[in-house]
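Colleague: can't give you the sequence, but here's the structure:
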């Protein structure tokens with residue numbers, strides 16, 4: 001039986017970006033209540049060698065849109081990593097979600113067997129589409145969504161598991 005690619009991709013990305021947008025909203029409200037400069041959250045990171053909050057959202061966006069582009073014949077939008085404030089991060093999430101909304105199940109038909117090659121500085125990896133999704137895309141996407149949550153939680157933003165998981169039912 002073929003891997004249900006659409007069912008694995010579109011709902012996961014939609015839920016993740018909805019959660020990210022909600023987390024940003026709570027972070028903005030928290031900063032406003034505390035008189036904290038938004039830049040303190042925008043530039044926050046968990047460790048010196050990790051990307052800041054903005055970079056985490058950019059990578060989640062890149063992972064989602066580029067995965068769709070690699071697994072379909074749809075052209076992924078190019079979004080420069082130049083966001084300078086929360087409004088721009090919200091806009092990036094909205095643009096990424098708008099692209100995801102264009103994906104139809106038939107776009108992903110047969111994509112589980114499509115060959116996808118990724119090149120890293122010292123490594124080139126070729127996956128089947130299904131392995132690419134399960135071994136790289138979803139873990140990478142959730143890493144960046146989770147790290148965004150962790151940065152905000154670390155900075156004191158009052159968020160919890162329900163903010164990450166989203167509405168059930």
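Modeller: On my side now, so go ahead. Here the structure is a predicted model, which means the values were calculated and not measured.
Colleague: hey, where'd the strands end up in the chain?
Modeller: Secondary structure of the chain, counting by DSSP state E: strands at 115-120, 123-128.
Colleague: possible to save those as JSON lines with distance to residue 104?
Modeller: C-betas here are computed from N, CA, C, even on glycine. Putting these into JSON lines (distance: least, CB to CB, whole Å) gives the following:
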{"stretch": "strand 115-120", "distance to residue 104": "20"}
{"stretch": "strand 123-128", "distance to residue 104": "21"}
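Colleague: who wins for proximity to residue 150 among those strands?
Modeller: Evaluated with CB to CB, the strands of the chain place strand 115-120 nearest to residue 150, the distance being 24.2 Å.
Colleague: Could you list the paired strands of the closest one along with their orientation?
Modeller: Paired with strand 115-120 in the same sheet, following DSSP bridges, are strand 123-128 (antiparallel).
Colleague: of all the strands of the chain, which lies closest to residue 4?
Modeller: Nearest to residue 4, of those and by CB to CB, is strand 123-128 at 14.8 Å.
Colleague: roughly how far out does the helix or strand bottoming out on mean pLDDT in the chain sit from the chain middle?
Modeller: Within the chain, judged by mean pLDDT, DSSP states H and E, the helix or strand with the poorest mean is helix 161-165; its value is a mean of 92. Relative to the chain's own centre, helix 161-165 is displaced by 15 Å; criterion: CA atoms, centre = their mean, to the nearest Å.
Colleague: Same check on stretch 64-73?
Modeller: Using CA atoms, centre = their mean, the distance from the centre of stretch 64-73 to the centre of the chain it belongs to is 13 Å.
Colleague: got the contact list for it?
Modeller: Judged by CB atoms under 8 Å, 6 or more residues apart in numbering, the contacts made with stretch 64-73 from elsewhere in the structure are 5, 9, 13, 16-17, 74-77, 79, 96, 99-100, 103, 107-108, 111, 114, 116, 129, 132-133, 137, 141.
Colleague: quick one on the thing from earlier: got the buried residues for the least confident helix or strand of the chain?
Modeller: Neighbour-count burial for helix 161-165 flags 163-164 (criterion: 16 or more other CB atoms under 10 Å).
Colleague: who does that helix touch, helix- and strand-wise?
Modeller: The contact analysis (3 or more CB pairs under 8 Å, 6 or more residues apart in numbering; DSSP states H and E) places helix 161-165 against helix 5-34, helix 138-154.
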